[in-house]
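A.B. asks: with the input below, show me the fold.
(chains A, B and C)
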Amino acid sequence: MEKSGKNLGRLTAAPHVVWAVLFILAPLLFVLYYTFTDAYGVFTWENIFALKEHANTFLLSVSLSVIATFICFLIGYPLAYIIAGYKEKSQKIMITLLMLPMWTNLLIRTYSMMAIMDDGGFLNSILGALNLGKVHLIGTKGAVIFGMVYDFLPYMVLPIYTIISKLDENLLEAARDLGCNTVQVLWKVVLPLSSSGIVSGITMVFVPSISTFYISQKLGGGTFELIGDTIERQFQNVSTYNVGAAISLVMMILVLVSLAIMNRFADEEEAG
Amino acid sequence: MKVLSRIYTALIFIILYIPILVLMLFSFNSTANTGDMTGLSLYWYRELFSSPDTFNALKNTLVLAVSASVISTVIGTAAAVGLCKFRKNFWRNSVLSVTNIPMMNPDIVTGISMMLLFVFLGNAFGSDEKLSFFTLLIAHVTFCLPYVILSVRPKILSMPRALPEAAQDLGCTPLQSFFKVELPQILPGVISGFILAFTLSLDDFVISYFTTGNDFQTLPLLIYSMTKKEVKPDIYALSTLMIVAVTVLLILSNLSSKEKNAERRLTL
Amino acid sequence: MIKKYCLLLVIGVFLISSLTGCGETTEELTLNVYNWGEYISDGSEDSLDVNAEFEAYCEEVLGKSVSVNYTTYASNEDMYNKLKSGSATYDVVIPSEYMIEKMIEEDMLAPLDFSNIPNYEYIDESFKNLFYDPENTYSVPYTCGMVGIIYNSEMVDEADLGSWDLLWNENYKGQILQFNNPRDAFGTAIYWAGDSVNSTDTRVWEAAAEKLKLQKPLIQSYVMDEIFNKMKNGSAAIAPYYAGDYMTMYDSNDLLGFYYPEEGTNVFVDAMCVPACAKNKELAEQYINFMLEKEIAVANAEYIGYASPHTLVREDEEYIAYMEDWHEDAMEILYAENSGVKTEYYESLDADTLSLQNGLWESLKIENSVEPWIYITSSTIVGALLLLFLYNFLLKKYRNKY
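C.D. replies: Model (predicted):
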């Protein structure tokens, strides 16, 4: 009885596995095909060798994503913790309020961010009126990082919040009784217990922000390119599909490896 | 500490909402200017209500987002539950890695490769129109799945393993134990997965572009195609109305759920 | 909460079923038109709803029940990718000239039956027999236009105008905008140098790339659609863009001026074509013909603001009055082909030139964009994380010993 129950439990993953094979792995075959052929469909390694030209762009994208993810964590963790401390009703409202800005179109949101930060925008008008000079924001790396944090913050907060909101209050009390101060409770009890939420949050922010392209084009003023822009441009023409496919394949593998490393440590955390 | 945390939360919400307030302001602009205020008017709201295309696109977007998020939540939750029962780490990690692929691929790669797949399948089955609402739906479910699984999985990991076992020892069938014991435990994760999926589906442009048929245009597709000329402020008016509508719904549901609050402890 | 979501689910399913249900009505013909966004008079802002007019025309004149299924795209390349894959069928598309050339080469367009398009006679002679369709078999021009330089007369000195070198003028550092796509951006540098934008000569492209690198420190942003807001609110002073779009910008900021650079500039034509996969070719041709009816063409030209290749439109007094009400020199600016400005079309580039252009563009973007603080900060974060993992790992090992 027990055994069949366990098998049944595993079977619930079956629809997803089938879905993943059909709609994730099968399209990937097309990416593979383009990676290892040239514009005429002949097998070649050339696309892979050509990748070193894009190394700088890739490094820049990864670095910006790391910083953005870290800032998201620094801002998002306390926010998730604070929200989880409110009454049930307020929690519900705050989570919806957190998501609501994301329900307006990205393009429109970015336009209004630009209307604020642009050289002739609101912020500079206000600064000008106060005789404080001008700040040039659009076109800086800071603006791109801000855009990433703005757009991905909810993806950090939600998984962490769902974990913290159901933490056993008794555990925290026990820690306090044993002489921990607030910081120690956070560091030694709450943080390790919410590690699985953190891993989810980091994945959901870091991974998409590497390949983002709209934010860098608009808030970055187009003065530099991220790997997402490069790939997107390669896919504008059928004759350069191959290079684009190669870049995205290699990027995929690198990201998967780094995620695997992170998950490994997180698993150990879980086990310990 | 309490005051400090309130200030902190308020600050973040203010920053989150400043761009939204700015776009609301522009929706009342008297000219087609989205970089500068020239005067207040309701012109763009009148324009909005005289353009059936925009509302049709909105309807399409909502239908798609609701169905994609429901389907991906069901499949994703089931998968997250099942995955934890995998005995071999290798298989579990492989499935999880594969799941993450749509999240890390640039949208255009996912979009084009799925389009190629649908064309391939369409040719294989001799279908005339290869793309339709259903291919679009499949694509949306695919890129929503990782987010659902990533939301539900932490909840399952942090749930005491003994709980479902205890339930089954007490005579529950596996199905009963799932719906009566596990689901209530992981519900917050399921709901946040649903919200994330809905949000993503609502805003997607690139993947939708390549996987939609010739008769189903969503709001993001409509908006992005305007960039050849200029995005018209009636879209701003529409966004404003949507935000106001959700806020009103929020307040209403809040008022009506006052009495039930005590017993409904496991919802968000 | 669960109940609510179930309700949503039911509503969703219901909506979908009602949606798919409406495909199987009477023998109504559907015409799939695929056009740029905001590129047709659609009834908004008191304009004529052209597609509805066509449906009415079919009902009354042709005695057919037709519904126009009108969808939009954002770029030539997007449209091409979708048509090329064979994933969806359309009856009318409106690509630009270089894309038409490429699509003809790849047999993606159907030859038109001009007996169904009698209004073709109104197309200006200068738009017939062009390089992309030398025999006039596949395309009917819809709009046309030229690239010029838009400047803010309050911020730019009158004496600096006239040439492409305004985009390289150091006095306006940080106030200049440039196209954010390689073809148009390289175009500005190549026109300035007086070479051909369709050159396959590596040296031409490399010289242009050098020029763009020289220009980069002066550039505020590389832009596409953001240009409207930036020029309107005075965030930037100088930008190259299309004459028709200048009209739109002038509408909300009358400080903006416009000129065509003396060295020559880009001219484009967007033309109506019927893809080879079209299902209702005859109806598509009737649609194209309808678009050339004077009243309809005027409505479109007024709505879009771009120049029209239609001779009757150009002479129509009501149209001229409408445009001059917009900008007093509108007619001279929009219809400048014969004013002595040198122009050159973009032709479809071969694969090698294309990848050369892409490579040069990427190195332009990475130029000067390496800021050490980014790498230092990110590697510190990664390093700290690794240390933390290691510390935890060792701690656990140590604990497990006892």
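
A.B. asks: how close does the one residue in the stretch 151-268 of chain B that gets nearest to chain C sit to chain A?
C.D. replies: Using Cβ to the nearest Cβ, B:Ser225 is the residue of the stretch 151-268 of chain B that sits closest to chain C, at 3.0 Å. From N, CA and C alone the C-beta is placed, and that goes for glycine too. Going from B:Ser225 to chain A by Cβ to the nearest Cβ, to the nearest Å gives 11 Å.

A.B. asks: middle-most residue in the chain, spatially?
C.D. replies: Picking chain A for this. A:Val205 (1.6 Å; Cα atoms, centre = their mean).

A.B. asks: chain C, not that one
C.D. replies: C:Ser75 (5.3 Å).

A.B. asks: contacts only, for that one.
C.D. replies: C:Ser75 sits next to A:Gln236, B:Lys228 when contact means Cβ atoms under 8 Å, 6 or more residues apart in numbering or on different chains.

A.B. asks: closest approach to chain B from the stretch 301-402 of chain C, which residue is it?
C.D. replies: C:Ile304 (7.4 Å).

A.B. asks: show me the contacts for that residue.
C.D. replies: Here C:Ile304 is in contact with B:Lys229, C:Glu38, C:Tyr39, C:Ile40, C:Ser41, C:Thr143, C:Gly244 (criterion: Cβ under 8 Å, 6+ apart).

A.B. asks: how near is it to chain A?
C.D. replies: For C:Ile304, the distance to chain A - Cβ to the nearest Cβ - is 21 Å.

A.B. asks: pop out the phi and psi values for that residue.
C.D. replies: Main-chain dihedrals, C:Ile304, degrees, to the nearest 10: phi -80, psi -40.

A.B. asks: show me the shaky parts of the stretch 151-268 of chain B.
C.D. replies: B:257-268 (pLDDT under 70).

A.B. asks: can you pull the residues of it lying near chain A?
C.D. replies: Counting by Cβ under 8 Å from any Cβ of the partner chain, the stretch 151-268 of chain B comes close to chain A at B:151, B:153-155, B:157-158, B:168, B:174, B:185, B:188-189, B:192, B:195-196, B:199, B:202-203, B:205, B:219-220, B:223-224, B:227, B:231, B:235-236, B:239, B:242-243, B:246-247, B:250, B:254, B:257, B:261, B:264-265, B:267-268.

A.B. asks: tell me who's in contact with the nearest residue to B:Ser132 once chain neighbours are set aside.
C.D. replies: In this structure, B:Ser132 finds its nearest non-sequential neighbour in B:Gly213, 4.2 Å apart by Cβ to Cβ, 6 or more residues apart in numbering or on different chains. Applying Cβ under 8 Å, 6+ apart, one finds that B:Gly213 lies in contact with B:Glu129, B:Leu131, B:Ser132, B:Phe133, B:Thr135, B:Leu136, C:Ala88.

A.B. asks: buried members of those into ChimeraX, please.
C.D. replies: In ChimeraX syntax, the buried subset of the contacts of B:Gly213 is picked out as below (16 or more other Cβ atoms under 10 Å in any protein chain shown):
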select /B:131,132,133,135,136 /C:88
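
A.B. asks: any chance of JSON lines for the contacts of B:Gly213, columns distance to B:Thr54 and secondary structure?
C.D. replies: Converted to JSON lines, the contacts of B:Gly213 look like this (distance: Cβ to Cβ, whole Å; DSSP: H, G, I helix; E, B strand; the rest coil):
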{"residue": "B:Glu129", "distance to B:Thr54": "25", "secondary structure": "coil"}
{"residue": "B:Leu131", "distance to B:Thr54": "22", "secondary structure": "coil"}
{"residue": "B:Ser132", "distance to B:Thr54": "22", "secondary structure": "coil"}
{"residue": "B:Phe133", "distance to B:Thr54": "19", "secondary structure": "helix"}
{"residue": "B:Thr135", "distance to B:Thr54": "24", "secondary structure": "helix"}
{"residue": "B:Leu136", "distance to B:Thr54": "19", "secondary structure": "helix"}
{"residue": "C:Ala88", "distance to B:Thr54": "22", "secondary structure": "coil"}
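
A.B. asks: looking at the contacts of B:Gly213, which one is closest to C:Ser199?
C.D. replies: C:Ala88 (35.1 Å; Cβ to Cβ).

A.B. asks: for that closest one, which non-adjacent residue is spatially closest?
C.D. replies: B:Asn214 (4.4 Å).

A.B. asks: that's a helix at the one you found, yeah?
C.D. replies: No: using DSSP: H, G, I helix; E, B strand; the rest coil, the assignment for B:Asn214 is coil, not a helix.

A.B. asks: so which residues of the stretch 101-250 of chain C form helices?
C.D. replies: Taking DSSP state H, counting those that start in this stretch as the criterion, the stretch 101-250 of chain C carries its helices at C:182-193, C:202-215, C:227-232, C:243-252.
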